[in-house]
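S.K.: Generate coordinates for the sequence data below:
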Amino acid sequence: MNPQKLRSRCIGTIAGFAIGDSLGMPAEFLSREQIRQYYGKPISGFMKAHPGHASDFLPQGSYTDNTQTMLATAECLIEDGRMDPARHADALLAWYRNTVPHRTPSAANLQACKHLSAGRPWNKSGVFSSCCGAAVRMPPIGLFYHNQTEELTRAALDNCIITHNEPRARAAAVCVAYLTARLLQSGDNSWPGDQVLETADHIASMDKDLAALLRWTTQMVHLPPEEALFEIGTSSDAIEAVPAAIYCFLKNPTKFSSAVLTAVNAGEAADAIGALTGSFIGSLAGAEALDPQWLAEVENSDVLIGIGENLAELLCRKHANAASD
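M.R.: A predicted model of the protein is given here:
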């Protein structure tokens, strides 16, 4: 892949995630009907959360803990040039201690960070939870190890068990990292459903039910979003949130605004589903697919772009070193 395309796709992955997260922030915990009740219409851009919402202190365009922890993962990979789970655990602990107030963090992430704070090692700190709080940290791992399948799987599992040791959460983490890697390497004219099916095959030995749901999702693209997402589910459980994001992505694989707004207007885990949807589109279609106004207005836009650029530069160096060996 030429460096410019790699740069675009890395930026698209990171910034697309944050934009989807920020669009979904005011819709988190709400049903589709409640979104219309509180905001008078479906979400069509950045908004403040309604009074009384857990995120009502955030300005519009702000992202949640999903992006904060994803960025922590990316920054560790950039600084260390490898997956060091103890280092990632330290980064999550710093997020837990230094972020005030927290931005709707998952209970599993909080409990795991309490374990880390009490002195438990990274491989003993995770809790038995199947929520998607670990899976949403995986896009940078997918980028970093995009052409190293074995290392990608190990890195995703090591990062996941810092907070989540339940088997489905582990499979979902590998799913997101692996699909990100496959999309990054996809040709411009390939059907992304093929990458989803390949991802299902990769995780089938870890969780056959999640793999089956991914395959089913590729067959539901013809259904209207309300019907499809009702069948898949949109809770924060990994077996719903990850396939829901994949459906929204496959429905509009290069149309960022349509896909992400479909995701966030389904409610419930709108932030996580919106984030993953935006990230998948960015991995496939690059930064050019993102809405330029949203990219300019999302929280810490320059930081997001910079992290994407730094990841791309790191990958170019890895490619060059591999070619010279």
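
S.K.: and the nearest residue to Asn300 once chain neighbours are set aside, what is it in contact with?
M.R.: Across the structure, with Cβ to Cβ, 6 or more residues apart in numbering as the measure, the residue nearest Asn300 apart from its sequence neighbours is Ala18 (7.6 Å). Heads up, the C-betas are built off the backbone N, CA and C, glycines and all. Residues in contact with Ala18 (Cβ atoms under 8 Å, 6 or more residues apart in numbering) are Tyr63, Thr67, Ala275, Gly278, Val298, Glu299, Asn300, Leu304.

S.K.: Just give the number of residues close to the second one.
M.R.: Pointing back at Thr67 there. Thr67 has 28 neighbours, counted by other Cβ atoms under 10 Å.

S.K.: so it touches Leu23, yeah?
M.R.: No. Counting by Cβ atoms under 8 Å, Thr67 does not reach Leu23; the two are 11.6 Å apart.

S.K.: what about the strands in the stretch 151-300 of the chain?
M.R.: Counting by DSSP state E, counting those that start in this stretch, the stretch 151-300 of the chain has no strands at all.

S.K.: by contact count, what packs against the longest helix along the chain?
M.R.: When the chain is scanned for its longest helix (criterion: DSSP state H), the result is helix 301-324. The helices and strands touching helix 301-324, judged by 3 or more Cβ pairs under 8 Å, 6 or more residues apart in numbering; DSSP states H and E, are helix 3-24, helix 65-80, helix 139-144.

S.K.: any idea of the mean pLDDT in stretch 207-217?
M.R.: If you average the pLDDT over stretch 207-217, you get 98.

S.K.: Residues contacting that stretch, please?
M.R.: Residues from elsewhere that reach stretch 207-217, judged by Cβ under 8 Å, 6+ apart: 167-168, 171-172, 175, 196-197, 199-201, 203-204, 232, 238-239, 242-243, 246-247, 250.

S.K.: again, only using 10 Å
M.R.: Defining contact as Cβ atoms under 10 Å, 6 or more residues apart in numbering, one finds that stretch 207-217 is touched by 130, 167-172, 174-175, 179, 193, 196-205, 228, 231-233, 238-240, 242-251.

S.K.: Give the buried residues for it.
M.R.: Neighbour-count burial for stretch 207-217, with 16 or more other Cβ atoms under 10 Å as criterion, is recorded at Asp207, Leu210, Ala211, Leu213, Leu214, Arg215, Thr217.

S.K.: from those, which ones fall inside helices?
M.R.: With DSSP H as the criterion, helices contain Leu210, Ala211, Leu213, Leu214, Arg215, Thr217 from among these.

S.K.: Pick out whichever of those sits closest to His115.
M.R.: Comparing those against His115 with Cβ to Cβ places Leu210 closest, at 25.6 Å.

S.K.: how close does the closest one get to Ala200?
M.R.: In this view, Leu210 and Ala200 are 8 Å apart by Cβ to Cβ, to the nearest Å.

S.K.: quick one on the thing from earlier: any chance of the buried residues of stretch 207-217 in JSON lines, plus distance to Asp291?
M.R.: Formatted as JSON lines, the entries for the buried residues of stretch 207-217 read as follows, by distance: Cβ to Cβ, whole Å:
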{"residue": "Asp207", "distance to Asp291": "34"}
{"residue": "Leu210", "distance to Asp291": "31"}
{"residue": "Ala211", "distance to Asp291": "33"}
{"residue": "Leu213", "distance to Asp291": "29"}
{"residue": "Leu214", "distance to Asp291": "27"}
{"residue": "Arg215", "distance to Asp291": "31"}
{"residue": "Thr217", "distance to Asp291": "25"}
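
S.K.: mind listing what Ala177 touches?
M.R.: Contacts for Ala177 (Cβ under 10 Å, 6+ apart) come out as 135, 137-146, 152-153, 155-157, 159-160, 199, 202.

S.K.: ugh, typo on my part, it should be Asp80
M.R.: Asp80 makes contact with Arg87, His88, according to Cβ under 10 Å, 6+ apart.

S.K.: Distance of it relative to Asp90?
M.R.: In this view, Asp80 and Asp90 are 11 Å apart by Cβ to Cβ.

S.K.: Same question for Glu299.
M.R.: Computed with Cβ to Cβ, the distance linking Glu299 and Asp90 is 24 Å.

S.K.: Have a look at the two and say which one is more surrounded.
M.R.: Each of Glu299 and Asp90 has its neighbours counted (other Cβ under 10 Å); Glu299 has more, 19 against 16.

S.K.: Skip the chain neighbours and tell me the closest residue to that one.
M.R.: Closest residue to Glu299 in three dimensions, ignoring its sequence neighbours and counting by Cβ to Cβ, 6+ apart: Ser62, at 4.9 Å.

S.K.: low pLDDT regions in the stretch 1-150 of the chain?
M.R.: The model of the stretch 1-150 of the chain has no residue with pLDDT under 70.

S.K.: How many neighbouring residues does Ala86 have?
M.R.: For Ala86, the count of nearby residues is 12 (other Cβ under 10 Å).
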